[in-house]
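Visitor: just coords:
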């Protein structure tokens, strides 16, 4: 099948590459000429394990092409995926200007070339309910007689696992009321569901809500567990034991029950706010999600307070080592990352920072610039620091050399925002150790 993917961001590049990997002819479109040339030469602009290999392979065999010519890509393709940004607008809603601008251009092409065949426009971006209708209206404004359809096919890609998620999806959601569109998209996704995982067909509006509902529910689980962790600290309970106890209930499940310093990234923060905004527009008070937003916002502040309390409320001129900048491991994404909130909070209180992340140095530089130092390794970040702060649970942080850590820090103090270490082992190593939802470990004075 001939496919166009408009937008070569995170979702677009993964989508186009994975469709090419199963034998389709894919043209990816972006307005950024420099970016397009880089990808043509095999330079992938995002860090996603395994993606660079697939991009290189499919470019080499000619199934994956990149262009800045939108009309060329649409003209040659049966299915056109819109994988464009939907940033948060000032009122919290999703800004659809990029999607609707492209829809306008597609409509003009349909009007000028009415005999290029049936086309399916697919909203792959995360979009609010009613977007498919808006895209259809914009296209029909220019080409009222053209034979086309608009469908919704939300993505469920985890950063760091996106290639696996696309190639072996737990489910595929397709929103369409058109039988021809249903048959074509079912055929397109057939290679990805050979193990028996389902395609769920539904109307376009239900598909649009499904994406927001899924992300908002996962964000709710995270925030609920963070609230439980905060309560555990007050009453002397151990959140790890609580997590195991409730996670064994099949109605609850084990995933997304790990407490920490809040969720981040490009999806959860924006999508939760957008769903609340949709509710507000329809005169519905979505109380649960409003609380989720508040809890998540407070979690980083509470962690900063924990650090300040250890130093008797004054961290002016203190120097901290930070391990982890990306909002989660296996990505270089720092959008809405807890690290940025925590670092800015520490800087505002007069502290200095030396940070290390295996992949997110350049993306953090774009946000924080030279406000902090960037170390070339985890241990180099520790030199003469007053404490170590762990923000992202990269695998390389899980079993460090604690003797070496102790020798590099001024005092053996660790603030662990991801509960990577066993408090009993930290006690054996004579660290002062603060984590989330667990009783602090205090260093025994010599």
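Guide: Noted; the coordinates are in hand. In this text the structure is predicted, and so the values were computed from the model without any measurement.

Visitor: is it true that residue 68 touches residue 31?
Guide: Yes. Applying Cβ atoms under 8 Å, one finds residue 68 in contact with residue 31, separated by 6.2 Å. Where C-beta positions appear, they are placed from N, C-alpha and C, glycine not excepted.

Visitor: Now list whatever residues contact both of the two.
Guide: Shared contacts of residue 68 and residue 31, defined by Cβ atoms under 8 Å, 6 or more residues apart in numbering, are absent.

Visitor: what does the model give residue 446 for pLDDT?
Guide: Looking at residue 446, its pLDDT is 62.

Visitor: For residue 115, the count of nearby residues, please.
Guide: Residue 115 has 5 neighbours, counted by other Cβ atoms under 10 Å.

Visitor: ditto for the one 3 residues further on
Guide: Here the count is done by other Cβ under 10 Å, and residue 118 has 12 residues near it.

Visitor: for residue 94, same thing?
Guide: 23.

Visitor: Run the chain-centre distance for stretch 274-286.
Guide: Distance of stretch 274-286 from its chain centroid, counting by Cα atoms, centre = their mean, to the nearest Å, is 23 Å.

Visitor: Stretch 37-49 too?
Guide: Here the centre of stretch 37-49 is set off from its chain's centre by 18 Å, with Cα atoms, centre = their mean.

Visitor: Span of that stretch from start to end?
Guide: With Cα to Cα, to the nearest Å as the measure, stretch 37-49 spans 21 Å from end to end.

Visitor: you'd agree residue 98 is up against residue 85?
Guide: Yes. With contacts counted by Cβ under 8 Å, residue 98 reaches residue 85, the gap being 5.5 Å.

Visitor: Residues that sit against both of the two, list them.
Guide: residue 7.

Visitor: Please enumerate the strands of this structure.
Guide: All strands of the chain, identified by DSSP state E, fall at 2-6, 25-29, 64-67, 79-82, 119-123, 148-152, 172-175, 199-202, 319-323, 352-356, 373-374, 387-390, 413-416, 432-434.

Visitor: which stretches of the stretch 301-446 of the chain form helices?
Guide: For the stretch 301-446 of the chain, helices defined by DSSP state H, counting those that start in this stretch occupy the ranges 338-348, 361-368, 402-408, 423-428.

Visitor: just the helices in the stretch 51-200 of the chain please.
Guide: Using DSSP H, counting those that start in this stretch, helices in the stretch 51-200 of the chain cover 51-60, 70-76, 97-112, 131-142, 162-167, 179-189.

Visitor: Which elements pack onto the fifth one?
Guide: On a contact count with 3 or more Cβ pairs under 8 Å, 6 or more residues apart in numbering; DSSP states H and E, helix 162-167 meets helix 10-21, helix 51-60.
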